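A.B. asks: Predicted structure and sequence below. I'll ask about it afterward.
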Amino acid sequence: MQGIPYATLATQVDTIQYSILASGSSGNSTYIETPKKRILVDAGLSGKKITGLLAQIDRKPEDLDAIFVTHEHKDHIHGVGVLSRKYNLPIYANAKTWSQMEQMIGKINPENRCYIEPDELFSFGDLDIQSFNVSHDAIQPQFYAFQKNRKQLVLLTDTGYVSNRLRDQLENADAYLIESNHEIEMLRYGSYPWHLKQRILSDKGHLSNDDGALAMVDMIGQQTSKIFLGHLSRDNNTKLLAMDAMEQTLHNYDIETGRDLNLYMTDPDEATPLFKL
């Protein structure tokens, strides 16, 4: 390496780039890119909508290498089948998720039926992918941490709680997408039927603003620079309430947004900019 100018070295540094294309009860998808691979995590919107969201960050679906699925709920798999068929994309999910979603996504080329099981460290080109179980009312929901060159992006939504084991396993990542699904009082006194309120509030439901914030307090480390709030309910939350809850909880533990890390909101209809780790 001796004799290579620093500027030249800087342009060769491998990194992860990512955008939260959509996050919310109407559909979810995240784009992740390395120098060798381009993937989606979930495709819970129409193929046309995902193509438009990718265009917002100057990317195209024909350049994708795979789709990784978290669980079989429609807001995570709606466009998986059509994208796989149109662009010949491998789909990665665990065996139990495949057993539930295969009738929902249509016919898939057998070569594109791929597996990644819970608690597996999977190398995909120049990207390492760690899968982990969450607690949600799907057959075997799992989310992912993406790792490259000691940098890590954690995606963690669609869970009723975050176990102590997960908090330890996922601590000190560089960036997190964390669920801020509902504000508890809005949900309790809102128009949802009681059985749906019980489902959301249960250990197999979704994280509230406060629950997500407290989980982040335990996971934040010296490397953490970005937190994205995701999967907000249209009916039982607002962006302002979610941001305020996270900022106030972090403040209570002497963690200041804008000083120690940056806080971002996601949207169900608009992609975030393309960020780098």
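C.D. replies: The structure has been received and is ready for your questions.

A.B. asks: contacts and neighbour counts: CA atoms only from here.
C.D. replies: Will do.

A.B. asks: Can you tell me the centre-most residue of the protein?
C.D. replies: By CA atoms, centre = their mean, the chain has its centre lying nearest to L155, at 3.5 Å.

A.B. asks: got the phi/psi numbers for it?
C.D. replies: Main-chain dihedrals, L155, degrees, to the nearest 10: phi -110, psi 120.

A.B. asks: what sits against it?
C.D. replies: 143-145, 176-178 (CA atoms under 8 Å, 6 or more residues apart in numbering).

A.B. asks: On the strand side of things, show who it bridges to.
C.D. replies: Y144, L177 (DSSP bridges).

A.B. asks: What of T30?
C.D. replies: Under the criterion used (DSSP bridges), T30 bridges to I20, V41.

A.B. asks: I figured it hits S19, correct?
C.D. replies: Yes. Contact criterion CA atoms under 8 Å: T30 and S19 qualify, at 5.9 Å.

A.B. asks: more neighbours, those two?
C.D. replies: Neighbour totals were compared for T30 and S19, and T30 leads with 24 against 21 (other CA atoms under 10 Å).

A.B. asks: got the CA coordinates for the helix or strand where D128 lies in PDB?
C.D. replies: Assigned by DSSP states H and E, D128 falls within strand 127-133. Below are the C-alpha coordinates for strand 127-133, written out as PDB (Å, rounded to 0.1, in the frame of the first residue of the first chain):
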ATOM      1  CA  LEU A 127     -21.800  -8.600   2.400                       C
ATOM      2  CA  ASP A 128     -22.300 -10.500   5.600                       C
ATOM      3  CA  ILE A 129     -25.900 -11.000   6.700                       C
ATOM      4  CA  GLN A 130     -26.900 -12.000  10.200                       C
ATOM      5  CA  SER A 131     -30.500 -13.200  10.600                       C
ATOM      6  CA  PHE A 132     -32.300 -13.100  13.900                       C
ATOM      7  CA  ASN A 133     -35.700 -14.000  15.300                       C
END
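
A.B. asks: quick one: contacts of that strand?
C.D. replies: Strand 127-133 has contacts (CA under 8 Å, 6+ apart) with 34, 37, 116-123, 140-148.

A.B. asks: most residues in a single helix of the chain, which one?
C.D. replies: For the chain, the helix reaching the highest residue count under DSSP state H is reported as helix 239-252.

A.B. asks: then it to CSV, C-alphas only?
C.D. replies: The C-alpha coordinates for helix 239-252 follow below in CSV (Å, rounded to 0.1, in the frame of the first residue of the first chain):
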residue,chain,number,x,y,z
LYS,A,239,-44.1,11.5,13.0
LEU,A,240,-43.9,14.3,15.6
LEU,A,241,-44.9,12.0,18.5
ALA,A,242,-42.5,9.3,17.4
MET,A,243,-39.6,11.8,17.1
ASP,A,244,-40.4,13.5,20.4
ALA,A,245,-40.6,10.1,22.2
MET,A,246,-37.2,9.0,20.9
GLU,A,247,-35.5,12.4,21.5
GLN,A,248,-36.9,12.6,25.1
THR,A,249,-36.0,9.1,26.0
LEU,A,250,-32.4,9.5,24.7
HIS,A,251,-32.2,12.8,26.5
ASN,A,252,-33.1,11.1,29.8
